[in-house]
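S.K.: What would the 3D arrangement of this be:
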Amino acid sequence: MKGGRSKADTSKKADTKLSMKRRGAEKAKKTVKKAKAGKDPNKPKRPPSAFFVFMEEFRKQFKEKNPNNKLVSVVGKAGGDKWKSLSEAEKAPYVAKANKYKTEYTKNMAAYNKKTAEGPTKNADDEEESDKSKSEVNDDEDDEEGSEGEEEEEE
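M.R.: Numbering: from 1, shown residues only. Model (predicted):
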């Protein structure tokens with residue numbers, strides 16, 4: 001029995017391979033079940049933070065000073081370093097602008113939420129009315145066709 005394999009050894013290997021395949025299939029099924037919710041294009045965008053308000057201005061200044069620089073990462077690092085070095089008093093105008101944007105955003109979101117809460121109920125009522133009117137029109141057409149068919153038979 002040197003170097004020979006018994007039948008029991010080969011069946012164990014096959015069983016482990018099958019169990020591995022089954023586990024992989026189960027994992028794949030679990031990931032497929034989750035679906036991503038669609039985004040509404042009418043939803044207002046979140047307001048920029050004070051740092052991003054600062055970065056809008058900083059990018060313009062940085063491009064003027066360094067026109068040959070094309071790397072976004074360099075601009076981001078320089079802006080981050082500059083933001084960290086600013087005092088609270090120097091950051092105040094950017095924080096004020098960010099707060100202004102935030103209040104506008106909250107107003108827009110309130111209006112958006114109000115529209116979305118009202119929207120589906122109005123559309124459902126409109127659809128029901130249109131379905132009713134369609135069915136009534138179809139009933140009338142069926143009656144007319146039936147009466148015409150009877151007249152043709154009588155002639």
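S.K.: any low-confidence regions in the protein?
M.R.: Along the chain, segments meeting pLDDT under 70 span 1-34, 119-155.
S.K.: which stretches of it form helices?
M.R.: If you assign secondary structure with DSSP state H, the helices in the chain sit at 7-33, 50-65, 72-85, 88-154.
S.K.: Can you mark which positions in the shortest one are buried?
M.R.: For helix 72-85, burial by neighbour count (16 or more other CB atoms under 10 Å) applies to 75, 78-79, 83. Where C-beta positions appear, they are placed from N, C-alpha and C, glycine not excepted.
S.K.: So which elements touch that helix?
M.R.: Here helix 72-85 touches helix 50-65, going by 3 or more CB pairs under 8 Å, 6 or more residues apart in numbering; DSSP states H and E.
S.K.: And the helix it packs on, what's buried?
M.R.: Under 16+ other CB under 10 Å, the buried positions of helix 50-65 are 50, 53-55, 58, 62.
S.K.: Now for the residues you listed: which two are most distant?
M.R.: Spanning the widest gap among the buried residues of helix 50-65 are Ala50 and Phe62, at 18.0 Å by CB to CB.
S.K.: quick revisit: with distance to Asp40 as added columns, please give the buried residues of helix 72-85 in TSV.
M.R.: Below are these laid out as TSV (distance: CB to CB, whole Å):
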residue	distance to Asp40
Val75	32
Ala78	36
Gly79	31
Trp83	32
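S.K.: nearest to Ala89, of these?
M.R.: Among these, and counting by CB to CB, the member closest to Ala89 is Trp83, at 13.8 Å.
S.K.: Do I have it right that the closest one meets Phe51?
M.R.: Yes: applying CB atoms under 8 Å, one finds Trp83 in contact with Phe51, separated by 5.7 Å.
S.K.: Apart from its neighbours in sequence, what residue is nearest Val95?
M.R.: Of all residues not flanking Val95 in the chain, Ala50 sits nearest, at 4.4 Å (CB to CB, 6 or more residues apart in numbering).
S.K.: likewise Phe52?
M.R.: Ala98 is the one closest to Phe52 (CB to CB, 6+ apart), at 7.9 Å.
S.K.: residues in contact with that neighbour?
M.R.: 47-50, 52-53 (CB atoms under 8 Å, 6 or more residues apart in numbering).
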